[in-house]
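> I need the structure of the sequence given here:
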Amino acid sequence: MAINVNKVYRIVLAILNKEQRGYLTPDQFNRLGRQAQLDLLEKSFYDYNRALTRRNVQGVNSDYGDIADNIQEKIDVLAKSATLTLANNATTVSAPADLYRTIQIVNSDRSVNIENVKKSEYTYLKASKLTQPTDEYPVYYFDNGVFNILPQTITNPIVDYIKMPVDPRWGYTTGGSGQYLYDSSVYDEVTNTTGSTDFELHPSEETNLVIKILALAGVIVKDPAVVQMASAEEIKEFNQENS
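Just a heads-up that it's a prediction; the model follows:
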């Protein structure tokens, strides 16, 4: 699943130019697109937590009316799994380079969940003979890009996580008169530096993505009307979700 970067850019330009409110260059759009994508991803976690709370208090609508499940579906677009290879008797291993949020860590056959604990708890558990982690009750904590896992007998655990979305990119070549020409081929920083990268968000986020980019673009084109318009749409969406 993805959202076409060219479609979003064209919509943003159409809205900005409708009343001659300014122009957004591809480089500006790419920077704002990256920020907007991260903002919407982070907002999904907040919305998911809020929806779960409401579901627990008010009950749940089944099927398509289950807001929490719908939001989880948005987040799961970026879900991944990876095997963590620990050296002999090692208790630390680097997290995947693209890790954004950890969902869970399990042992190699997924039969045991490795419990997430605080760093202070980890030190205490490790020091006490009565509470030392075992293969049946393993633990881990995450610190500065590294998973610390006990006991040492845990090998090749699996981490389920939400990955960092790839930066969107509206790629282009320059025409004879200096205009930007969209390059729909896949961007590669080595072999194809003019290609493009789509947004890695659920398709249902397209409208929110346009609104978020417009809000950020209003600052660049120095038009408070654009910011106000985008903010009004965000408030409208929030009120609808909480009505």
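> tell me the centre residue of this protein?
Note on the chain: the residue nearest the mean C-alpha position is L41, at 4.2 Å, using C-alpha atoms, centre = their mean.
> check what pLDDT it gets.
Note on L41: pLDDT of 96.
> ditto for G176
On the pLDDT scale, G176 is placed at 79.
> what about it, how many neighbours?
6 (other C-beta atoms under 10 Å). C-beta here means a position set from N, CA and C on the backbone, and glycine is covered the same way.
> ditto for the one 10 residues further on
Using other C-beta under 10 Å, V186 has 13 neighbouring residues.
> how about the strands in this protein?
Counting by DSSP state E, the chain has strands at residues 79-83, 92-94, 99-106, 113-116, 139-143, 146-150, 158-163, 172-174, 180-182.
> of all those, which lies closest to I11?
The closest of those to I11 is strand 180-182. By C-beta to C-beta, the value is 13.8 Å.
> okay, now the sheet partners of that closest one, with direction.
strand 172-174 (antiparallel) (DSSP bridges).
> give the buried residues for the partner strand.
For strand 172-174, burial by neighbour count (16 or more other C-beta atoms under 10 Å) applies to Y172.
> residue contacts, the residue nearest to the centre of the chain?
I75, L78, Y100, I162, P165, L201 (C-beta atoms under 8 Å, 6 or more residues apart in numbering).
> re the thing from before, the strands of the chain into a markdown table, with extra columns for distance to N208?
As requested, those are exported to a markdown table (distance: least, C-beta to C-beta, whole Å):
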| stretch | distance to N208 |
| --- | --- |
| strand 79-83 | 20 |
| strand 92-94 | 33 |
| strand 99-106 | 18 |
| strand 113-116 | 30 |
| strand 139-143 | 29 |
| strand 146-150 | 33 |
| strand 158-163 | 18 |
| strand 172-174 | 25 |
| strand 180-182 | 23 |
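> ok, which of those comes nearest K7?
Among the strands of the chain, strand 180-182 sits nearest to K7 (C-beta to C-beta), with 10.6 Å.
> got the contact list for that closest one?
Contacts of strand 180-182 (C-beta under 8 Å, 6+ apart): N6, T25, P26, W170, G171, Y172, T173, T174, G175, S196.
> care to break the chain down by domain?
5-75+173-218+232-241, 79-163 (automatic domain parsing).
> mean pLDDT for those: which is lowest?
Across the domains of the chain, the lowest-scoring stretch is domain 5-75+173-218+232-241, with a mean of 84.
> mind checking how far it is from the chain centre?
The chain centroid and the centroid of domain 5-75+173-218+232-241 are separated by 12 Å, computed with C-alpha atoms, centre = their mean, to the nearest Å.
> tell me the one of the contacts of strand 180-182 nearest R55?
For those, the nearest to R55 is N6 (37.2 Å; C-beta to C-beta).
> in this structure, which spans are helices?
Under the criterion DSSP state H, the chain contains helices at 5-18, 26-58, 67-76, 119-127, 206-220, 224-241.
> since that was my last question, I'll sign off now.
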